[in-house]
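Q: structural data only, the sequence is not supplied:
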């Protein structure tokens, strides 16, 4: 299991490319960033930058040496960025694994402390520039309202989503096809409820559809044409709207109530104890031989049912609504704010050439896997595999490699499927298949700190009320009828959903777009 978990995090790119000619050795460049602890109980960084072989290898290739200021605590790093912005602490030459929020990115740029990278990218970071030029959504996501590109992202074309997984073994036993509509899914869940699907002699231990809170269930709203973010907002053709008070949401809640009433939803789904169970399910069920879930939400099946049972599950394609399929892309391809250059840096061109390497096959493999011929090998069929034992792989992740999701890098879907491991390949294939229907409900935008403060305030009230009331509707604690629905809509409006829409609409209108 340790080997599989290590392997599942490995991503590589499409074509090996070499760095430009190494730069002459110079004085160390000041680099600062966050390397979070490996666990909540640890005070040690996941990677020690001073001793990690990745930086040593990069120095050999480029001649660039760094003087590191490595933060382990996210709170300390946030405080340090605040002090840098205020001029109380000197700026480094380069932010790495910076975790810059949109608000911080804007503030640093407007204060003249971070530079616009756009004028340099085509010449000094051609791989980054080619990726952004080829994908309008990515280009717009990293561009400030004036078009400046201040921070580079981490890009992963197969970032795990809150995917729906269905037990294909159970479907095969029933001789039923994979459901394609809400109606078909309902019938499948009824069969899961009424049969001894796991063949253990009991018809009472199967859970047709497992979930954790209303947040999980809202990923089923696509069956009624709804694709909304955590603010209950969606963007269509440049128009931002809310989904809470729509008739589609009402129909969706009525369907969920039907499922709940018929015993097709996990009876503990809204309970605190279910949250605890979900948090421990991966380890507790990793050795289990009996499946009990028909359908569930999760990044991977391993996360919920463990390694032994994961092969029974496939990703469920989005259910069809009015001839269309869509599924909420919760995480998206981009993790913004990973890399930036200070206005105090004398030669930003060199740092861009350095980081551009991480957007190539060779650079990404160096960061994520290690050295070719020592840590991994390419096979004749175009796949690659570790050249080390499982124990060595786990050990070297802290010493030989540096990759985390907050690191500037690029992982294509194609290369992730070239990992020579059956379980990893099967998972990547499932994620790639459903990825074609996934769509961000809202584009990535840059709110000011003032706007973000107001959005957070509004969201607190709206979410607390809406999540609770919708759960009541589903469980039948409050009957969903014309009167209670009208009251729900009135309360949501009173809590400021229209102001929320207005803030995001104005931000969208003022954002940088390619067609402006």
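A: Yep, that arrived. On a predicted model such as this, the values are computed, not experimentally measured, just so you know. Residues are numbered from 1 along each chain as shown.

Q: in the host helix or strand of residue 366, what counts as buried?
A: Take DSSP states H and E as the rule and residue 366 turns out to sit in helix 361-368. The neighbour-count check on helix 361-368 (16 or more other Cβ atoms under 10 Å) flags 361, 362, 363, 364, 365, 366, 367, 368 as buried. Bear in mind the C-beta positions are built from the backbone N, C-alpha and C, glycine included.

Q: now swap in stretch 323-340 and tell me
A: So for stretch 323-340, counting by 16+ other Cβ under 10 Å, buried means 326-340.

Q: same check on stretch 315-323?
A: Neighbour counts over stretch 315-323 (16+ other Cβ under 10 Å) mark 315, 316, 317, 318, 319, 320, 321 as buried.

Q: I'd like the distance between the second one and residue 292.
A: Using Cβ to Cβ, to the nearest Å, one gets 18 Å for the distance from residue 316 to residue 292.

Q: contact partners for residue 408?
A: Residues near residue 408 by Cβ atoms under 8 Å, 6 or more residues apart in numbering: 96, 152, 153, 154, 338, 339, 355, 358, 359.

Q: in contact with residue 126, which residues are there?
A: Residue 126 touches residue 356, counting by Cβ under 8 Å, 6+ apart.

Q: that older thread, got the contacts of residue 408 as TSV, with secondary structure, pLDDT and distance to residue 135 columns?
A: What follows is those, written out as TSV (DSSP: H, G, I helix; E, B strand; the rest coil; pLDDT from 0 to 100; distance: Cβ to Cβ, whole Å):
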residue	secondary structure	pLDDT	distance to residue 135
96	strand	98	23
152	strand	99	14
153	strand	98	11
154	strand	97	14
338	strand	98	17
339	strand	99	18
355	helix	98	18
358	helix	95	17
359	helix	96	13
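
Q: three-state assignment of the most far-flung residue of the chain relative to its centre?
A: Going by Cα atoms, centre = their mean, the residue of the chain most distant from its centre is residue 201, 39.4 Å out. Of the three states, residue 201 takes coil under DSSP: H, G, I helix; E, B strand; the rest coil.

Q: shaky segments in this protein?
A: The chain contains residues with pLDDT under 70 at 1-26, 38-45, 272-288, 516.

Q: residues of the longest helix seen in it that come out buried?
A: Taking DSSP state H as the criterion, the chain has its longest helix at helix 449-475. Neighbour counts using 16+ other Cβ under 10 Å place 451-452, 454-455, 458-459, 462-463, 465-467, 469-475 of helix 449-475 among the buried residues.

Q: how about stretch 256-271?
A: Under 16+ other Cβ under 10 Å, the buried positions of stretch 256-271 are 256, 257, 259, 260, 264, 265, 266, 268, 269, 270.

Q: enumerate every residue touching the first one.
A: For residue 256, the set of contacting residues under the criterion of Cβ under 8 Å, 6+ apart consists of 217, 220, 265, 473, 474.

Q: doesn't it belong to a helix?
A: Yes. According to three-state DSSP, residue 256 belongs to a helix.

Q: quick one: the helices in the stretch 201-350 of the chain?
A: For the stretch 201-350 of the chain, helices defined by DSSP state H, counting those that start in this stretch occupy the ranges 213-217, 247-261, 272-284, 301-305, 307-310, 348-356.

Q: now do the same contact list for the most centrally placed residue in the chain.
A: Centroid check for the chain by Cα atoms, centre = their mean gives residue 331 as the closest residue, at 3.2 Å. Counting by Cβ under 8 Å, 6+ apart, residue 331 touches 159, 160, 161.

Q: same thing but at 6 Å, please
A: Residue 331 makes contact with residue 159 under the criterion Cβ atoms under 6 Å, 6 or more residues apart in numbering.

Q: make 32 the starting number, not 1.
A: Yep, numbering from 32; the last one is residue 362 now.

Q: list phi and psi for it.
A: Main-chain torsions, residue 362, degrees, to the nearest 10: phi -100, psi -30.

Q: ok so, going back, take the buried residues of stretch 346-354 and keep only those in strands.
A: residue 346 (DSSP state E).

Q: which one of the buried residues of stretch 346-354 sits closest to residue 150?
A: Closest approach between the buried residues of stretch 346-354 and residue 150, by Cβ to Cβ: residue 349, at 40.8 Å.

Q: I'd assumed residue 252 was in contact with the closest one.
A: No. Counting by Cβ atoms under 6 Å, residue 349 does not reach residue 252; the two are 10.8 Å apart.

Q: helix or strand for the closest residue to residue 271 other than its chain neighbours, which one?
A: Excluding the flanking residues, the one nearest residue 271 by Cβ to Cβ, 6 or more residues apart in numbering is residue 536, at 4.4 Å. Following DSSP H and E, one finds residue 536 within helix 528-541.

Q: contacts for that helix next, please.
A: Applying Cβ under 6 Å, 6+ apart, the external contacts of helix 528-541 come out as 176, 264, 271, 273, 476, 478, 482, 486, 489, 493.

Q: give me phi/psi at the nearest residue to residue 387 once chain neighbours are set aside?
A: Spatial nearest neighbour of residue 387, chain neighbours left out: residue 156 (3.9 Å); criterion: Cβ to Cβ, 6+ apart. For residue 156, the backbone dihedrals are phi -140, psi 60 (criterion: degrees, to the nearest 10).

Q: next, count neighbours for residue 156.
A: Residue 156 has 25 neighbouring residues, counting by other Cβ atoms under 10 Å.

Q: do the same with the one 5 residues further on
A: Per other Cβ under 10 Å, the neighbour tally for residue 161 reads 13.

Q: mind listing what it touches?
A: Residue 161 touches nothing, counting by Cβ under 6 Å, 6+ apart.

Q: which strand or helix spans it?
A: helix 157-165.
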